[in-house]
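**Q** Sequence and predicted model, in that order:
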Amino acid sequence: MALTAARTPPGVLELLPLEQIAFQDMLDTIRRSFERFGFLPVETPVMELSEILLTKEGGETERQVYFVQSTGNLEKAGTPELALRFDLTVPLARYVAEHEHKLNFPFRRYQMQRVYRGERQQRGRFREFYQCDIDVIGKDSLSIRFDAELPAVIYQVFRDLKIGPFAIQLNNRKLLRGFFENLGQGDAATQALILREIDKLDKVGAEKVAESLRSNDFGLDEAAIAKILHFVQIRSSGHADALAQLDALGRGSDAFNQGLDELRQVLELIRALGVPEAFYALNLSIARGLDYYTGTVYETHLLEHPHIGSICSGGRYENLAGHYTKSHLPGVGISIGATRLFWQLREAGLIGTGASTVQVLVTQMDEAELPRYLAIANELRQAGINSEVVLEPGKLAKQMKYAEKAGIPFAVIAGGDEFAKGTVLIKDLHKREQFEVARGELVKQLRVELEQAQAMSHGTGKK
């Protein structure tokens, strides 16, 4: 029988064990940061009813959705009943609408699960990937103060991940909308087209964007184009400069003024929340989800690796679940594409493999003494030390090679001499050193060695 080639499908990230540990460490760090700010965990099914998933975006989404069809229903015509979720926002909207009367508002949830999109196959794009989202949902209203809290969460997450300097960039959709209204461009569709051109600013430069705005039928004169390019290139350096940049914009339409006032309040609260001013800034070119976000918007960038793009984004939206309930449910949220972020960090050399979850290998010197080795391993496990015991006899050198390849930091060695003296040997596989301890002191000594190894690992910045 011919063998089938073993290969993963395109668009998925499949990791080796030590890489998986590093990825899991990243997820655990993100989870701890979310929980530190009082967010509660939610999980939704990987499958949703197709009619639920397709209410948000329509045709464009339908081209990326993976439908689910059981073999018993393959001949059925029409849209399959179920589809795989393509983000965590639509499932959240359905969840809140369905459980509205059981939830406590403002509802603060985090969700860290896989999502699925029919992405075009290319390097660094994934069809299956983890998203890590937090949202605060209000009932009828939601204070602008929550918009300021999320950058504090972002700061906590990326500070704890230790992946280098970063900046949380802020804008406000009301400010953008009001700016275009002041230019006589009040039509939302025209604004969207202009913003699409502006979105190319960092890639092609200001002159190319200006040329595009001249050539397209936007009805813009040179003075308007100059004002647009000046506005969207506004950046701040420091807290006082951000407020000064906003003051310099003057006043305008109601939407413009409201956006200004909201940004000022958010900036002041971000500082009050303890985020150092080097980590947040204005960027008036950020638009995010043109048809979705209505107020504050965020993007987060690594300062030393700008080519990676935004590593965390989100913003304020007016009504999360309008398709599913008559209740008014405004909210604010952010999302981290964890799979893509991990892949990018690994490619940039900012993250390596993780340490093995096995802390100690209990070796086997004498097959007849296997019960003793099993007893040692059991004692270590009961003491909270993750231990693997060698169950098949073999040369000690081979056992050491196995431990080193698996990334296990310590080995416990005992033979006839050690059993006779009531001692064991502890071998540090990183330092390639070993020492003898009394059998009754094994747990205590291993705890000391593990704590020292962990402290050294943190000191060198290794996971």
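**A** Yes, it's here.

**Q** which residues touch the spatially most central residue of the chain?
**A** Centroid-nearest residue in the chain, with CA atoms, centre = their mean: Ile336, separated by 2.9 Å. Residues near Ile336 by CB atoms under 8 Å, 6 or more residues apart in numbering: 30, 131-133, 157, 311-312. Any C-beta I mention is one placed from the backbone N, CA and C, and that applies to glycine too.

**Q** On the three-state scheme, it is what?
**A** Secondary structure, DSSP: H, G, I helix; E, B strand; the rest coil: Ile336 is strand.

**Q** Can you give me the distance of it to Ile426?
**A** 40 Å (CB to CB, to the nearest Å).

**Q** try Phe86
**A** Taken as CB to CB, the span from Phe86 to Ile426 is 51 Å.

**Q** Check which residues of stretch 328-346 are buried.
**A** Of all the residues in stretch 328-346, those buried under the rule 16 or more other CB atoms under 10 Å are 329-346.

**Q** Which ones among these map onto strands?
**A** Counting by DSSP state E, those place 331-337 in strands.

**Q** residues touching His301, list them.
**A** His301 sits next to 166-167, 169, 308-311 when contact means CB under 8 Å, 6+ apart.

**Q** Now render those as CSV, adding distance to His323 and secondary structure.
**A** Listed next are the contacts of His301 as CSV, based on distance: CB to CB, whole Å; DSSP: H, G, I helix; E, B strand; the rest coil:
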residue, distance to His323, secondary structure
Phe166, 35, strand
Ala167, 35, strand
Gln169, 30, strand
Ile308, 34, helix
Gly309, 30, coil
Ser310, 27, coil
Ile311, 29, coil
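
**Q** Need the max-distance pair from those residues.
**A** Greatest spacing in the contacts of His301, by CB to CB: Gln169 and Ile308 (13.9 Å).

**Q** picking that back up, any idea how far Gln131 is from the residue nearest to the centre of the chain?
**A** Taking CB to CB, one finds Ile336 at 7 Å from Gln131.

**Q** related to what we said a few turns ago, may I see the contacts of His301 arranged in JSON lines, with neighbour count, distance to Pro393 and pLDDT as well?
**A** Formatted as JSON lines, the contacts of His301 follow (neighbours: other CB atoms under 10 Å; distance: CB to CB, whole Å; pLDDT from 0 to 100):
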{"residue": "Phe166", "neighbour count": "23", "distance to Pro393": "52", "pLDDT": "95"}
{"residue": "Ala167", "neighbour count": "18", "distance to Pro393": "57", "pLDDT": "96"}
{"residue": "Gln169", "neighbour count": "22", "distance to Pro393": "60", "pLDDT": "96"}
{"residue": "Ile308", "neighbour count": "18", "distance to Pro393": "49", "pLDDT": "86"}
{"residue": "Gly309", "neighbour count": "14", "distance to Pro393": "53", "pLDDT": "86"}
{"residue": "Ser310", "neighbour count": "17", "distance to Pro393": "54", "pLDDT": "90"}
{"residue": "Ile311", "neighbour count": "23", "distance to Pro393": "49", "pLDDT": "93"}
